[in-house]
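Participant: After the sequence you'll find the predicted model.
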Amino acid sequence: MCGGSMKNSVYSTGKAAAAALPSCGPKDTGVEINGDCFYLGDSEVFFLEGERQCVGLGGHLATIDSEDTQSKLETYLRPFRADAWIGLSDVLNEGTFQWMDGSSLGAYTNLRSKLSTSDFVFLQATRKFQWQTAWMTNLKRPLCQLTGTAPIITKCGTNDYGNMIGTSQDCYAVMPGPSNFRDSQYACWTRNGHMALITATNKDEIIKHINLFGYSGVRDYWVQGSDPSVYTELKYYELYKEGTSSSGAPNGAVCILEDVSASTPCSSGYRYDSGSFKWVDGEPTDDANGVFWKDGQGVGNIANGKCAKLSSRRLYWINMPCSGQNAALVCKAPAAA
């Protein structure tokens, strides 16, 4: 005892101090818990910027699926005294929480009994790291769960405009924009590609490309949806959920690039579309008076082909099928900025 009238006493709980958790992650400033590396980012960022940083390190915003993991994270986070984003939200279905890796909330939860009206979950430092919700544009430090090493990036496409991730054979180019749909489509064509068709199979890969190479701020992205009659975008505020917009919206875009060679010197594009012929870059043909088509050819003769061939004899245009025919090619591809 010491301190006179202000004396204090020190007692033992009889419990051994918890063993220090193994270090991991950037500069060994993370901790290993149950085989995964949990790492608290240095800066306060938006929710999706936090996910972007975690993807670049080889993971996602953290999933917490047990009391043991929660307890060990509290020990790790306590010295930082900072709120931390985790990978949980109910933005896609109000009241149904889902982790960023696609898994459901599961049996374990540390959500507070009274949540705010927003959708994105963080660990609240002043409430013993209970789970609370906030707007995705609030600033918090990201808590990453690193399940592997940083992704291996391979340049690809004409002039290395695109990137391939890991063992994938698909070459994507993310255009940060902002541009309307038509200009974004043209940007894909000038890079020997086209707007990426999004499917259930490649959606995660496309979003990964956006996280790694997209604009580091609030931005939606043009893609090609299953219905070509509408303009499809991936919505930032809904974790890149598919939606539609007007063609003039200022978005980024995701292109898929094609290999070009002596045998296939031009990338694919659009030809006959919705009752008229267009150039591959989408521009309408200047043939209102029919002066370029041979008599009987053009829109009225699409049964004989939806592509056009320039006759070497008379220099007029005639219909021809878009496949199964041989002809020389003239490509137009202005240099991309």
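Facilitator: On my side now, so go ahead.

Participant: chain center to stretch 184-197: distance?
Facilitator: Its chain's C-alpha centre and that of stretch 184-197 lie 17 Å apart, by C-alpha atoms, centre = their mean, to the nearest Å.

Participant: Extract the CA atoms of that stretch and return them as PDB.
Facilitator: In PDB, the C-alpha atoms belonging to stretch 184-197 read as follows (Å, rounded to 0.1, in the frame of the first residue of the first chain):
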ATOM      1  CA  SER A 184     -17.600   5.800 -72.900                       C
ATOM      2  CA  GLN A 185     -18.500   3.300 -75.600                       C
ATOM      3  CA  TYR A 186     -16.300   5.100 -78.100                       C
ATOM      4  CA  ALA A 187     -13.400   5.100 -75.600                       C
ATOM      5  CA  CYS A 188     -13.700   1.300 -75.400                       C
ATOM      6  CA  TRP A 189     -13.800   1.000 -79.200                       C
ATOM      7  CA  THR A 190     -10.700   3.100 -79.600                       C
ATOM      8  CA  ARG A 191      -8.800   0.700 -77.300                       C
ATOM      9  CA  ASN A 192      -9.800  -2.300 -79.400                       C
ATOM     10  CA  GLY A 193     -12.600  -3.400 -77.100                       C
ATOM     11  CA  HIS A 194     -16.200  -2.900 -76.200                       C
ATOM     12  CA  MET A 195     -18.300  -2.100 -73.100                       C
ATOM     13  CA  ALA A 196     -18.000  -5.100 -70.800                       C
ATOM     14  CA  LEU A 197     -21.100  -7.300 -70.600                       C
END
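
Participant: Contacts only, for the spatially most central residue of the chain.
Facilitator: Nearest to the mean C-alpha position of the chain, by C-alpha atoms, centre = their mean, lies Ile207 at 2.2 Å. Each residue near Ile207 by C-beta atoms under 8 Å, 6 or more residues apart in numbering is listed here: 234, 240. For the C-beta atoms, the positions are set from N, CA and C on the backbone; glycine is no exception.

Participant: which element is it on?
Facilitator: Element membership for Ile207, per DSSP states H and E: helix 203-213.

Participant: So which elements touch the very next helix or strand once past that helix?
Facilitator: Sequence-wise, the next helix or strand downstream of helix 203-213 (DSSP H and E) is strand 221-223. With contacts taken as 3 or more C-beta pairs under 8 Å, 6 or more residues apart in numbering; DSSP states H and E, strand 221-223 sits against helix 181-189, strand 231-235, strand 251-257.

Participant: Single out the most deeply packed of the ones you listed.
Facilitator: strand 251-257 (a mean of 26; mean count of other C-beta atoms under 10 Å).

Participant: By mean pLDDT, point me to the weakest helix or strand of the chain.
Facilitator: When the helices and strands of the chain are scored by mean pLDDT, DSSP states H and E, strand 272-273 comes last with a mean of 46.

Participant: Ok, which of the helices and strands packed on strand 221-223 comes nearest Lys128?
Facilitator: Nearest to Lys128, of all these, is strand 231-235, at 34.2 Å by C-beta to C-beta.

Participant: where's the closest one relative to the chain centroid, distance-wise?
Facilitator: For strand 231-235, the distance to the chain centre is 12 Å (C-alpha atoms, centre = their mean).

Participant: Show the subsequent helix or strand relative to whatever helix or strand Lys155 lives in.
Facilitator: Element membership for Lys155 (DSSP H and E) is strand 153-156. Using DSSP H and E, the next helix or strand after strand 153-156 towards the C-terminus is strand 162-165.

Participant: Convert that following strand to CSV, retaining C-alpha atoms only.
Facilitator: Output of strand 162-165 as CSV, limited to C-alpha atoms (Å, rounded to 0.1, in the frame of the first residue of the first chain):
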residue,chain,number,x,y,z
GLY,A,162,-5.9,-3.0,-69.9
ASN,A,163,-5.1,-5.2,-66.9
MET,A,164,-5.6,-8.9,-66.0
ILE,A,165,-5.8,-9.9,-62.3
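
Participant: Glu74 in helix, strand or coil?
Facilitator: Here Glu74 is helix, with the state taken from DSSP: H, G, I helix; E, B strand; the rest coil.

Participant: Show the contacting residues for it.
Facilitator: Contacts for Glu74 (C-beta under 8 Å, 6+ apart) come out as 128-129.

Participant: Gln224 now?
Facilitator: By C-beta under 8 Å, 6+ apart, Gln224 lies in contact with 194-198, 232.

Participant: coming back round to it: the strand holding Lys155 - what's its average pLDDT?
Facilitator: For strand 153-156, the mean pLDDT works out to 94.
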